Structure formats: structure tokens, C-alpha cells
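**Student:** Here is my input; please provide its structure:
(chains A and B)
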2 protein chains.
Amino acid sequence: MGVLDECYNVGIENGVSVGSVAIEDAVRVLLLGLGEDINREGLRKTPLRVAKALRDGTRGYHQNVKDIVSGALFPESGLESCVGSAGGAGGLVIVRDLDLFSYCESCLLPFQVKCHVGYIPSGQRVVGLSKLSRVAEVFAKRLQDPQRLANEICAALQHSIRPTGVAVVLQCSHIHFPNFQTALFDPNHQGCVKLSVMSGSGAFDDEKASIWTDFLGLLRFRGLTAEDAHSRGSLDKSWCPSRTICKMAASDPSLLAAVSSILYALGEDPLREDLVDTPARFVNWLMNFKNSNVDMKLNGFVRGSKRETSLTPPRDFSHICSELNLPFWSQCEHHLLPFHGVVHIGYYSSSRVISNVGKSLLQSVVQFYGFKLQVQERLTRQVAEVASSILGEDVIVVVEASHTCMISRGIEKLGSSTATIAVLGRFSTDPTARAKFLQIIPSSA
Amino acid sequence: MGVLDECYNVGIENGVSVGSVAIEDAVRVLLLGLGEDINREGLRKTPLRVAKALRDGTRGYHQNVKDIVSGALFPESGLESCVGSAGGAGGLVIVRDLDLFSYCESCLLPFQVKCHVGYIPSGQRVVGLSKLSRVAEVFAKRLQDPQRLANEICAALQHSIRPTGVAVVLQCSHIHFPNFQTALFDPNHQGCVKLSVMSGSGAFDDEKASIWTDFLGLLRFRGLTAEDAHSRGSLDKSWCPSRTICKMAASDPSLLAAVSSILYALGEDPLREDLVDTPARFVNWLMNFKNSNVDMKLNGFVRGSKRETSLTPPRDFSHICSELNLPFWSQCEHHLLPFHGVVHIGYYSSSRVISNVGKSLLQSVVQFYGFKLQVQERLTRQVAEVASSILGEDVIVVVEASHTCMISRGIEKLGSSTATIAVLGRFSTDPTARAKFLQIIPSSA
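**Tutor:** The predicted model follows:
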């Protein structure tokens, strides 16, 4: 079966560095397209970091399932077939809740996968449990679509272990795809797009087979039936939010060419049907974070706001006002990957000052500073500075975020989050005021 | 500071293979000590696997913090110091909930760490967020004690980033340490030993400083004060359950020497104070899983039980009886690492048959088959076979387990679990009966 033996080596034909250099060049083109100075400190090594991370994140193209499974098949006797089944002679073996990361072939952003794999041993042999995870990883580390990922994991295990059957269920989450226009006016435009898919072979070929009931029973997806996942998987080819954006801005051909060269360097065929529009989608997403756009609009905006709210009344220290959970989206300038989260702003002020208009003003400030290449530390400082020009000198800003680069690339620290804080005026000198405000922030746990 | 520049290379002085061969030899000695046939299929490559995993799990001895941090310090302007602090000029930056694994220097078993790191940038520079995680990883991948781990991460970050201050909070969980005698009579002898520790430098030197309040506020450990963690950390040197076992069996000197040679091969000094008793503790733990012990006792036991319960009444198919959540401990024969979990047993029988005596009998069977070198598939089959000799021919057995080898070594799939199933008699032919039983099992989520 081709899926096992294929090994795209285009990118490393002339040594690993060829592909990496091509990716680095392409990233430089994209950064220029974003209106950035590619020589500024924070961006100087970004092409290198992106190339390294992308190659690592798609290393599955160069891995072979046979190498992984061979040597990890162990003889194990089963129950006599006349009495029932277990272990080597038929009992179902399942590994649940494997966390994987993959790259969406539609938009090149990472998506997260909760993977459940099961198989029914035959021929009196079982496979080392960790191999199920390693094989799944081989196919996750490629540009993927959820249903194809499930199918490839399933086929590879069926082919390499030759068991009575293999079942794969994937629960996928794709980062949402805000765009500059809609996100500004819809602060709730957050969260993830979710999709569950299944794939089965051998005894699991028939999705109505009772073995699927056993499998799902052991997964405890009591709400999810085989029909649900299958139909959702096959119907919803366009799960990627980038595919639902009706109107894409026309993109600079040099940017599109840059993304195509990245696809090629990774070992993919940029002309493959599902990849043809990927460069346009990725560029469309990336250009939301174009530098000049944001600065221009913000300057006019904040100057106006400042005038409007300059009549700040005398400070009232009796209680802290707060605007909590203002959502933002941004793009990490070190990795060209999204990070998103919420901003909490605290201040001392008479309650009359901040009406609903004020809240939407703060939300706009947060989003303005989000929509560019950023680091969280700078975002925190910038929001604090502008907030103090609106709310008075005593301001505290806390930013909580999940960084795609922390969870999908390299270190893969799922569940980690970052918090940054900026304190101005009274909040910088009064620990009690800080502590009070931190108590107000609702726990995200 | 020595902690940064030290790089134990003992094990690789003459090439990587020297240390690995020593570990493989030592593992063979331990397997023989367990009464195992080192040539049987499941164990043949165990020495290789253990050596590979141990070297990977202690790779921190060969890593250098300077290499990691250099090139990841970015200039970032802060707020003017007269108005407050943020970003490059003082605002706190925190990365929360990093999952790490380390090895307990007292007993050589892995322990799990939820790591929270914060620092206050100074000199107008911030460090790439992922570097905080990578530095923590360098020290986690060694033989460790929680407080020392926190101190080393803290000192390394302070030294390499030179910020205004560094704070580290670790929430550690150590697998419990059952022993054959107590576990048999205490089925609840499960779960983890937990310990929280903190370490601070620079502005965090004073554990009463208000910056600690900010840090803990952002961590949302509203119950945990600086005093709590510090005092627990310093007082409770003996958090490892192996240290609380009063009486250790005298061990074969050749086994102790084997473990000492593993310590040496990893680059440690077996004579270091905290490691002196480690070989004895590890051997004591391992010998709980000695092969001959278990078989001898079990044979007598089950033969007796069989006689006692052979008067099975006529089968009553009206309802399924079940014994759920019978805990077990076992040792993965592929990696010499613990796996533990619960067994669920279902059967058709008159309710009179299984009294409390019956439940404790099943619990004993489960534990007997657990306390040896195992694979989960075999454990499932063995329990099913013996259970059917006690409960009649219609038996279903589900085993749910967490494998230390799946979460701490190599693939590091935290949160993953495995489920295996064996079906006998009616349960092998009647999907509805299986589905019914699977519905009874309480969700572990």
C-alpha cells in the first residue's frame, strides 16, 4: 500500500538545507508583504524559526511506518477461540486521548487532534502500545484534512500490524479564522471549529458492526454514534474556516508564489487539488496582520477618543473599575503563528466615565494592537499606555493568552498559557490595589 | 554559576554507546533477578528500550542553558519607569501550566510536574516565551528532587536572562509506591503523592515580597501562599513514597550494583548523598514484581477458590452483575515502568453467589496478575480466564490503565489511557450484553 512506503523527499533531495533556505526566502517575502522591516531584531531570525518549525511539524513526510512497527510486535496467546476473545486472539485494544497536532492543508495553520485508536489483535501478536501513537504521529505531521488523516492512520496500522481490524476516531479543533473587518465588530468571534471523524478497516469496515458499539462504548462517547462522525466527516469538507470566507482580497502574486514555494519545499505538490487555493487562503489570513493598516487606523481613532474622554473627573479610590475578558487575536512575530486570548483592564475612576461606548472603545484598542505582528509583552504595554490616556493614570492591564507556537511547534506544551501584566500610577506602587484587581479576574480554569 | 556550565559527560566519554551498553547489561541483571527469561520475545529488547528511554529521559545532563537562551533575547521597550512598569521595563511575564516529567532521584521512577515560571524583564529585553519551557526541561530531564528542580530552573533563568527577578512554582505528583504486602489488603492504596515547591530570585528573593502576591494571583492559586509551598518544600524532603517504607528487604548485592552502574552511566555519582540508597529503594520496588512469588501464591489460591465456588447456580440472564473499579498495579515488561488502573468485571449470575468474599477474591486475582512483569493485553486475558473459573462461563473484563511509559518516556502523551477488553461465553456473541455492561462502567473522565 502506497501510504506506507511513500516518502516525499523533494525538499531534501540536495540535503536538508535546500528546502529550509527556500522556506526562509519565502518567509522574508511574506514579511515584506506585511510591511515589516525584516532586519529589525524581533524578525531577523523569524524566517529561520518558521522554516525550522515547519520542517519539524511536517517531518512525517520523511518517516516510515514499517520502521516504527517492526520490532514492536509481540507474541501473545489469546483465549481459545471457542470460548471468546481477548488479548492476542481478538480482544479489542484501545489507546485513548492521544494529543496530536497537524497542519491544515487548506490554510497552513495548525489544528489540534484528540486521537483514539483501537485494533483487534490477530495472529497471536500484539503491538507495543506506544507504536499506535507513533504511527498516528507520522501522519499528523503532514499537511492534512481530518478525514484523510483518520484514513491514513487506519490504513497504515491495518497494513503494518495486519490485525483483525483497526478503528480510528479523531476529534479535531481548528483555530477560528477571524478577519480584520468582522472581528472588530464582533468581539465574540472566538473559539474553535470542531469536527469529529472516524475511519475503520477489517472488522470495522462496516460502520454498523457491533464492534463499533464496543469501541465507542470504551471511548465513552455516548453521545457520538458512528453515523454522526461519518456523515459529518464526509459532508463537511470545508471545516477549515478559511474556506467559508466568501470574498478573498486579491493577493500580490509574489506572496502567493512564496507560499507555493514553501509547500514545495515541504515535499508537497502545490498543484494537488486540495492545495491549489492554499496560498491564497494563507496570504489572505496573514494580511489581516499587515502593519501599516493598523497603525493608520489606530492613530486617527485614538486621537479622537482622547479628546472625547479628556474631561476625566477627580479620581475616586473607593473602588476599582474593570473591563474584563476583552478578546484579542494576534500573530506572534517570532513564529508567524496566531496567539489569542483576553485582556483585563482595571482603573480607578468614577463609574460615570465608562459607558458602553467606553467598553467598545477599549475593545477596539485591544484589537487594533492585536492585529499586527506582535509579542505579548509589547501588546500589554501598548494597551496600558493607550488605556491610561483614556482612563486616567492609574491603570492595570493583564493579558492572558494561548500561543499556538507554544502548543503546536517544537515544545508542544498543550494547556500552557501565558500571562503578562502592566501597572501604571497607583497600581505600580500599591500592592493591595493590584491584589484586589487580580482577585476580580475570573479564573479561566 | 556552575549549574549552567556543568555538563556531566561520564556516560558518553567514549561515545554514547558505552553508557547504553552498561545500562543494557544492568537491566539484564535486574530481569534475571526478577526470575525472568531474558530471551523470551517480550523481554528480548527490554534492556535496549530501557537504556534508550533512560538516556532520553536524562538528556538534560548533556544540555546547556546558554545555548538555549542565547539568540532568543529580544529588545523590547518598556513603560517609562516614572509611570509604572510593563513589558521590557518591569512587567511580570508568566508561563503557566507547563507539563514536565522528571525522574525521582530517590527511587528512579518518573514524577510529573506542572510548572509555572515567571520573570520580570529588565535591561529592555524579553526572552522568547518557549525558552522558559525549554530551560525548565533541561533540569527536569535529570534525576531530581522537587525543591532542587525548582531551585535549578530559577538559578539558570536568573543567570542566563539576568532579569529583575525569577519565580518558579512546581506542583509535583509522584506515583504511589504500593508494595506487595500492603496493596493486597488495601485496594485503595492508589493515587499520587503530591508536593508543591517554590523558588525565587532577585525581586522574588524575599518570599514576603508583594511581587509574590502578584505572581500567585496570576497563577490563580488563591489557596496557596508563599509560606505554604516554601515550608512544605523544605520540610518534606521525604516526599518520595519509597522513603516512608520502614523495612526494606535485604537485596541481592548484584542487583544493587546493577542499579549503581545505571546511575553512573547516566552521568550521576552513585555516591552522592541523595543517591546512596537509591539502588536499594529501586530494587525493593522492582522485586514486588518478581515472577516466581506471584505464580506460586496464585496457583494455590485459585485452585482453592475454584473448588469453593464450583457450585455455580443456574445462569440467570435477567441482569448483568458487575464488580467495577478493582484497582491494580503492574510493571510494563517492555519498559520496566509501572502501569496502573482498574479492572471491571461483568458476569451473569444469581446475586447470591458473589458476596463480599467474592469481591475480595476477584480483587486478589486482579492484584496477583498485576504484580509481575506484564502487558495489559495479557493481564486482561488472564483475569478473564480465572474470573470465568469463579463466576461461570459468561464473563466480560475491561481493563483501563495509565501507562507511565506512554506519558513519561519518548512520546510523552499525557492524559492518554488504554482500554482492553476480553469477552467470554454469551458476552462474545451478544453485542447487546456487551453494550449494556459498557454502559455500567462509570466514566473515568
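**Student:** can you give me the mean pLDDT across the helix or strand hosting A:Ser260?
**Tutor:** In this assignment (DSSP states H and E), A:Ser260 forms part of helix A:253-265. For helix A:253-265, the mean per-residue pLDDT is 95.
**Student:** for stretch A:423-431, same thing?
**Tutor:** Averaged over stretch A:423-431, pLDDT sits at 90.
**Student:** How about the backbone phi and psi for the closest residue to A:Thr46 other than its chain neighbours?
**Tutor:** Once flanking residues are discounted, A:Thr46 sits nearest to A:His334: 6.0 Å by C-beta to C-beta, 6 or more residues apart in numbering or on different chains. The C-beta positions use only the backbone N, C-alpha and C, and glycine is treated the same way. Phi and psi for A:His334, reported as degrees, to the nearest 10, are phi -80, psi -30.
**Student:** A:Cys107 too?
**Tutor:** Dihedral pair for A:Cys107: phi -140, psi 0, per degrees, to the nearest 10.
**Student:** got a list of what it touches?
**Tutor:** Contact analysis of A:Cys107 by C-beta atoms under 8 Å, 6 or more residues apart in numbering or on different chains lists A:Phe177, A:Cys240, A:Pro241, A:Ser242, A:Thr278, A:Arg281, A:Phe282, A:Trp285.
**Student:** Can you report how many residues lie near the last one?
**Tutor:** Spelled out, it's A:Trp285. Neighbour count for A:Trp285, taken as other C-beta atoms under 10 Å in any protein chain shown: 21.
**Student:** pLDDT (mean, whole number) over the helix or strand in which it is found?
**Tutor:** In this structure, A:Trp285 is located in helix A:278-286 according to DSSP H and E. Taken as a whole, helix A:278-286 has an average pLDDT of 92.
**Student:** could I get that helix in CSV with only the CA atoms?
**Tutor:** Only the C-alpha atoms of helix A:278-286 are listed here, as CSV (Å, rounded to 0.1, in the frame of the first residue of the first chain):
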residue,chain,number,x,y,z
THR,A,278,-4.0,27.2,0.0
PRO,A,279,-1.5,30.0,-0.8
ALA,A,280,-4.4,32.5,-1.4
ARG,A,281,-6.1,31.5,1.9
PHE,A,282,-2.9,31.7,3.9
VAL,A,283,-2.0,35.1,2.4
ASN,A,284,-5.5,36.3,3.0
TRP,A,285,-5.2,35.3,6.7
LEU,A,286,-1.7,36.7,7.1
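**Student:** on contacts alone, who are the packing partners of it?
**Tutor:** helix A:16-33, helix A:253-265 (3 or more C-beta pairs under 8 Å, 6 or more residues apart in numbering or on different chains; DSSP states H and E).
**Student:** Touching the helix or strand following the first one from outside, list them.
**Tutor:** In other words, helix A:16-33. Downstream of helix A:16-33, the next assigned helix or strand under DSSP H and E is helix A:41-44. Identification of contacts with helix A:41-44 by C-beta under 8 Å, 6+ apart yields A:Leu31, A:Glu36, A:Asp37, A:Ile38, A:Glu333, A:His334, A:Leu373, A:Val375, B:Phe74, B:Pro75, B:Glu76.
**Student:** who wins for proximity to chain B among the helices and strands packed on helix A:278-286?
**Tutor:** The minimum distance between chain B and these falls on helix A:16-33, with 15.3 Å, by C-beta to the nearest C-beta.
**Student:** residues in the stretch 201-350 of chain A within reach of chain B, list them.
**Tutor:** Contacts of the stretch 201-350 of chain A with chain B, taken as C-beta under 8 Å from any C-beta of the partner chain, map to A:Ser210, A:Thr213, A:Asp214, A:Gly217, A:Leu218, A:Arg220, A:Arg222, A:His334.
**Student:** Secondary structure class of the second one, three-state.
**Tutor:** Which is A:Thr213. What DSSP: H, G, I helix; E, B strand; the rest coil gives for A:Thr213 is helix.
**Student:** Tell me how many other residues crowd it.
**Tutor:** Neighbour number of A:Thr213 under other C-beta under 10 Å is 17.
**Student:** Nearest residue to A:Ile68 in space, please, no chain neighbours.
**Tutor:** Among residues not flanking A:Ile68 along the chain, A:Arg134 sits closest, at 5.0 Å (C-beta to C-beta, 6+ apart).
**Student:** Can you give me the pLDDT of that neighbour?
**Tutor:** For A:Arg134, pLDDT reads 92.
**Student:** likewise the one 3 residues further on?
**Tutor:** Turning to A:Glu137, the model gives it a pLDDT of 93.
**Student:** Please apply the same query to A:Asp67.
**Tutor:** Looking at A:Asp67, its pLDDT stands at 84.
**Student:** give me the element it is part of.
**Tutor:** Assigned by DSSP H and E, A:Asp67 falls in helix A:65-69.
**Student:** Which strands or helices does that helix pack on?
**Tutor:** On a contact count with 3+ C-beta pairs under 8 Å, 6+ apart, helix A:65-69 meets helix A:2-5, helix A:129-140, helix A:146-161.
**Student:** rerun that using 7 Å as the cut-off
**Tutor:** The helices and strands touching helix A:65-69, judged by 3 or more C-beta pairs under 7 Å, 6 or more residues apart in numbering or on different chains; DSSP states H and E, are helix A:129-140, helix A:146-161.
**Student:** Contacts made by the last one with the rest, please.
**Tutor:** This points to helix A:146-161. The contact list for helix A:146-161 (C-beta atoms under 7 Å, 6 or more residues apart in numbering or on different chains) reads A:1, A:3-4, A:65-66, A:69, A:73, A:102, A:117, A:119, A:127, A:135-136, A:139-140, A:166, A:168, A:170, A:172, A:195, A:197-202, A:233-234, A:239.
**Student:** mind listing the strands in the stretch 151-300 of chain A by residue range?
**Tutor:** Per DSSP state E, counting those that start in this stretch, the stretch 151-300 of chain A carries strands over the ranges A:165-175, A:192-202.
**Student:** deepest of these, which one?
**Tutor:** strand A:165-175 (a mean of 24; mean count of other C-beta atoms under 10 Å in any protein chain shown).
**Student:** Only C-alpha atoms, please: export it in CSV.
**Tutor:** In CSV, the C-alpha atoms belonging to strand A:165-175 read as follows (Å, rounded to 0.1, in the frame of the first residue of the first chain):
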residue,chain,number,x,y,z
GLY,A,165,-9.5,-4.7,12.4
VAL,A,166,-8.5,-1.1,13.1
ALA,A,167,-10.6,1.8,14.2
VAL,A,168,-9.6,5.5,14.4
VAL,A,169,-11.7,8.3,15.9
LEU,A,170,-10.3,11.9,15.7
GLN,A,171,-11.8,14.9,17.4
CYS,A,172,-10.3,17.9,15.7
SER,A,173,-10.2,21.6,16.7
HIS,A,174,-9.2,24.2,14.2
ILE,A,175,-8.4,27.7,15.4
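**Student:** and it, does that touch chain B?
**Tutor:** No - using C-beta under 7 Å from any C-beta of the partner chain, strand A:165-175 never reaches chain B; the gap is at least 12.2 Å.
**Student:** Right, I'll leave it there.
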